[in-house]
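> Sharing a model prediction with you, sequence too.
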Amino acid sequence: MEVRCIVCGRKLEIAKWHPEYEQLRSEGEHAPYICERCSTMITGEAREAQQPKKPM
Ligand SMILES: [Zn+2]
């Protein structure tokens, strides 16, 4: 099944054994999907944002 990453717009092939396959299939073509690369980037950014900034 082909899905499109909502962040970078890249098309990705989702295999049947993908943990999100069933959910994405039930939601259809427009299911919001974020590829691994973007999800890592987003969670990384979120983690950085949560850290209190130390005054220099
Ligand atoms: Zn992406």
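Done, it's in. Numbers count the residues shown, from 1 in each chain.
> Quick check: the residue most central in space within the chain vs the ion, distance?
With distances taken as C-alpha atoms, centre = their mean, residue 34 lies nearest the centre of the chain, 2.2 Å away. As judged by C-beta to the ion, to the nearest Å, residue 34 and the ion stand 6 Å apart. (Each C-beta comes from the backbone N, C-alpha and C, glycine too.)
> Chain neighbours aside, what residue packs nearest to that residue?
Distances taken as C-beta to C-beta, 6 or more residues apart in numbering place residue 7 nearest to residue 34, at 5.4 Å, with adjacent residues excluded.
> average pLDDT across stretch 8-18?
Mean pLDDT, stretch 8-18: 91.
> which residues touch residue 56?
By C-beta atoms under 8 Å, 6 or more residues apart in numbering, the contact set of residue 56 is empty.
> Which pLDDT value goes with it?
Residue 56 carries a pLDDT value of 73.
> Repeat that for residue 29.
Confidence at residue 29, expressed as pLDDT, is 68.
> Now the longest helix along the chain: buried residues?
With DSSP state H setting the assignment, residue counts place helix 36-50 as the longest helix in the chain. Under the neighbour-count criterion of 16 or more other C-beta atoms under 10 Å, helix 36-50 has residue 38 buried.
> at contact distance from the ion, anything in it?
Yes. On the criterion C-beta under 5 Å from the ion, helix 36-50 is in touch with the ion at residue 38.
> Report the distance from that helix to the chain centre.
10 Å (C-alpha atoms, centre = their mean, to the nearest Å).
> Over it, what's the mean pLDDT, rounded is fine.
88.
> May I have that helix as PDB, with CA atoms only?
Extracted in PDB, the C-alpha atoms of helix 36-50 (Å, rounded to 0.1, in the frame of the first residue of the first chain):
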ATOM      1  CA  GLU A  36      10.300   7.400  10.100                       C
ATOM      2  CA  ARG A  37      12.700  10.200   9.100                       C
ATOM      3  CA  CYS A  38      10.300  13.000   9.800                       C
ATOM      4  CA  SER A  39       9.000  11.400  12.900                       C
ATOM      5  CA  THR A  40      12.500  11.200  14.300                       C
ATOM      6  CA  MET A  41      13.100  14.800  13.400                       C
ATOM      7  CA  ILE A  42       9.800  15.900  15.000                       C
ATOM      8  CA  THR A  43      10.300  14.000  18.200                       C
ATOM      9  CA  GLY A  44      13.900  15.200  18.300                       C
ATOM     10  CA  GLU A  45      12.800  18.800  17.900                       C
ATOM     11  CA  ALA A  46      10.100  18.400  20.500                       C
ATOM     12  CA  ARG A  47      12.600  17.000  23.000                       C
ATOM     13  CA  GLU A  48      14.800  19.900  22.400                       C
ATOM     14  CA  ALA A  49      12.000  22.400  22.900                       C
ATOM     15  CA  GLN A  50      11.000  20.800  26.200                       C
END
